[in-house]
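Colleague: sharing a model that was predicted from the sequence below.
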Amino acid sequence: MEIVNSITGKTKLLGVIGDPLGHSISPQLHNTLSRYLGVDATYVPFHVGKGQLEYSIKGLLAVNVLGFNITIPYKKDVINYIDDISREAALIGAVNTVKNINGRLYGYNTDAAGFIRSFKEETGMGLNGKKVVLLGAGGAARAIAVGLAFEEVSEISIINRTISKAAEIAGIINNNISMIAKYYSTMSLEASDILKQGDIIINTPSLGMYPHIDKTPISFPFEFTDNQILYDVIYNPMRTRFLQEGEKQGLKIVNGLGMLIYQGIQAYEIWMDVKVTDEVIKKLFNALSHLLFPGKGTVENANVE
Ligand code: NAP
């Protein structure tokens, strides 16, 4: 009989906690990274039901987990059960990555860094001094706004349906990082002018995500300004209508797959104290693109952490 020997007493344990978890691609992402890097680690999805968050974290600590991700709906609540939190995660108000260092739990938010790395790598451009328009004011927008402010963009204009949420994010930036954030209602008269003035427009609401691929965050026809860069955190479909419209007008466009991959890489680098090489990152992009889009441009069974 053949002995299965891939997991031993020395194997490092990683995982993700959330509810639901069935469609998460994080296990594939992290286990593939460990395989490429020759690291003896395994990453397991842990479904944690309502009311079980504290017990699950104590349990993970008890079995000496090296680190774990946190996804919906626990990114905020997990802060109550960890020992320390990065400044960025504290400002964002959400932790998606925890590392166990000698029994103490340290919390990070890698969504911000994931976005920043993806933007820089995929556009070949920096962010310093840029005027950014951020559509939406949910969890993804909050992380991106804080990340952008630390990158010293010159202005962040947050446009959202519920203006109080946009105002809250602007307040976090202006009161803690620098006075660069403004906020507008989607319905305001200025919104269209503000959109035209940005160097970069980032879409964060899930408008346009599969299966509602005809939805857009702004009304078309809309004439973008030359040389604007459009970034959509959605990666399914690969090109939302928002991106397609920009592409038709000759703009540079980026979808959210890079953010998804780089937030995972950032978490892995924190856990393992390694720097993942460009060559490995390229292999991971190819492998995950193949997994997510086996030739048809949309994916039905994956979500993001
Ligand atoms: P969220 O916290 O629920 O925020 C949703 C945002 O979308 C809010 O600003 C909300 O406006 C707006 N919105 C929703 N429906 C709308 C509608 N019909 N019209 C106008 N605005 C609407 O969600 P989230 O966590 O930020 O996630 C948003 C998207 O980002 C999801 O598609 C998620 O998959 C994606 N994401 C991608 C990555 C990645 O790595 N690529 C990472 C994180 C998230 P109100 O405030 O007015 O409700």
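Modeller: Thanks, I have the structure now.

Colleague: alpha carbons of stretch 17-28, as CSV, please.
Modeller: Extracted in CSV, the C-alpha atoms of stretch 17-28 (Å, rounded to 0.1, in the frame of the first residue of the first chain):
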residue,chain,number,x,y,z
ILE,A,17,-11.5,31.4,8.5
GLY,A,18,-14.8,32.8,7.2
ASP,A,19,-18.5,32.0,6.4
PRO,A,20,-19.2,31.0,3.7
LEU,A,21,-15.9,29.6,2.4
GLY,A,22,-16.9,27.1,-0.3
HIS,A,23,-15.8,29.2,-3.2
SER,A,24,-12.6,30.7,-1.9
ILE,A,25,-9.5,30.3,-4.1
SER,A,26,-7.1,31.1,-1.3
PRO,A,27,-6.3,27.4,-0.6
GLN,A,28,-5.2,27.0,-4.3
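
Colleague: any idea of the mean pLDDT for that stretch?
Modeller: For stretch 17-28, mean pLDDT is 91.

Colleague: cool, stretch 95-109 as well?
Modeller: 98.

Colleague: may I see the buried residues of it?
Modeller: Val95, Asn96, Thr97, Val98, Lys99, Asn100, Leu105, Tyr106, Gly107, Tyr108, Asn109 (16 or more other CB atoms under 10 Å). For glycine as for every other residue, the C-beta is placed from the backbone atoms N, C-alpha and C.

Colleague: which residues touch stretch 235-242?
Modeller: Where contact means CB atoms under 8 Å, 6 or more residues apart in numbering, the residues beyond stretch 235-242 that reach it are 203, 207-210, 213-218, 220, 230, 232, 234, 247, 253, 255-257, 259-260, 292-293, 297-299, 302, 304.

Colleague: just the residues you listed: which are in helices?
Modeller: The members of those that map onto helices under DSSP state H are Glu247, Leu257, Met259, Leu260, Leu292.

Colleague: just checking, Phe222 is part of a strand?
Modeller: No. With DSSP: H, G, I helix; E, B strand; the rest coil as the criterion, Phe222 is located in coil rather than a strand.

Colleague: buried only: go through the contacts of stretch 235-242 for me.
Modeller: For those, buried by 16+ other CB under 10 Å: 203, 207-210, 213, 216-218, 230, 232, 234, 253, 255-257, 259-260, 292-293, 299, 302, 304.

Colleague: closest to the ligand out of the buried residues of stretch 95-109?
Modeller: Using CB to the nearest ligand atom, the shortest approach to the ligand within the buried residues of stretch 95-109 belongs to Asn96, at 8.8 Å.

Colleague: wait, Lys120 sits on Lys130?
Modeller: No. Assessed by CB atoms under 8 Å, Lys120 is found out of contact with Lys130, at 11.4 Å.

Colleague: okay, these two: which has more neighbours?
Modeller: Lys130 (19 against 15; other CB atoms under 10 Å).

Colleague: can you tell me the SS state at the residue nearest to the spatial centre of the chain?
Modeller: Centroid-nearest residue in the chain: Asp111, 3.5 Å away (criterion: CA atoms, centre = their mean). Following three-state DSSP, Asp111 is assigned to helix.
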